[in-house]
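**Student:** Quick check, what structure comes out for this input:
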Amino acid sequence: MLEAARLEAGLSGAELARRAGTSRPTVAACEHGTKSPTLETATRLLAAAGFRFDIAPVPRFEILEDGRGRPFVVPDRLPRLPLGAALARVRLPAHLDWSSPGRIYDLADRRQRHRLYEIVLREGRAEDVLAYVDGALLVDAWPELVLPAPIRCAWEERARLR
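**Tutor:** Below is the predicted model of the structure:
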């Protein structure tokens with residue numbers, strides 16, 4: 001997490017260390033897992049990179065079946081993605097996009113994002129929903145998505161989408 005924050009901020013290890021008031025070897029050791037920083041130190045390092053610790057609820061998933069006996073997953077709350085992931089260019093794994101293997105979806109494009117959401121909600125496992133679906137963007141897309149009635153109803157009931 002620390003290395004991702006440092007890289008996202010465009011900082012070298014030395015610059016992060018200088019801003020956080022620590023040494024470059026300490027930053028490197030924390031990033032590589034050879035040293036476990038205290039919560040205070042980790043908070044200070046993240047703040048020096050322009051980030052903060054946050055808590056986020058973790059959705060729990062239920063596996064249900066559609067009218068034809070095919071399983072699908074539904075979370076008890078909507079997942080959130082970091083902005084970069086929510087609007088990234090992604091290639092779905094074969095178990096999701098078996099009809100267009102290798103296709104790249106540009107999630108910044110509304111139509112492509114909607115198509116990907118339809119695929120993931122129909123075919124995806126819990127880890128797929130967490131990797132590709134952003135709850136806020138899903139709420140925006142919801143009226144336009146083409147989904148089987150059992151999937152739509154289950155998401156509306158359990159994930160409180162309407």
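
**Student:** any idea of the pLDDT on the nearest residue to Gly67 once chain neighbours are set aside?
**Tutor:** Nearest residue to Gly67, sequence neighbours excluded (CB to CB, 6 or more residues apart in numbering): Pro150, at 5.4 Å. Every residue, glycine included, has its C-beta placed from N, CA and C. At Pro150, the model reports a pLDDT of 96.

**Student:** In a strand, Pro150, correct?
**Tutor:** No - Pro150 sits outside any strand when classified using DSSP: H, G, I helix; E, B strand; the rest coil, being helix.

**Student:** who touches it in this structure?
**Tutor:** 64-67, 72 (CB atoms under 8 Å, 6 or more residues apart in numbering).

**Student:** tell me what the strand or helix carrying Val129 is packed against?
**Tutor:** Using DSSP states H and E, Val129 sits in helix 126-132. Contacts defined by 3 or more CB pairs under 8 Å, 6 or more residues apart in numbering; DSSP states H and E place helix 126-132 against strand 71-75, helix 110-123.

**Student:** Quick check: which of those is nearest to Trp98?
**Tutor:** helix 110-123 (8.2 Å; CB to CB).

**Student:** Going by neighbour count, list what's buried in that closest one.
**Tutor:** Residues of helix 110-123 classed as buried: 112-123 (neighbour count, 16 or more other CB atoms under 10 Å).

**Student:** In the protein, mark out all the helices, start to finish.
**Tutor:** Ranges of helices in the chain, per DSSP state H, are 2-9, 13-20, 24-32, 39-48, 83-86, 110-123, 126-132, 135-141, 149-158.

**Student:** and of the ones you listed, who's closest to Leu96?
**Tutor:** Short answer: helix 110-123, nearest of these by CB to CB, at 5.1 Å.

**Student:** No more questions from me, cheers.
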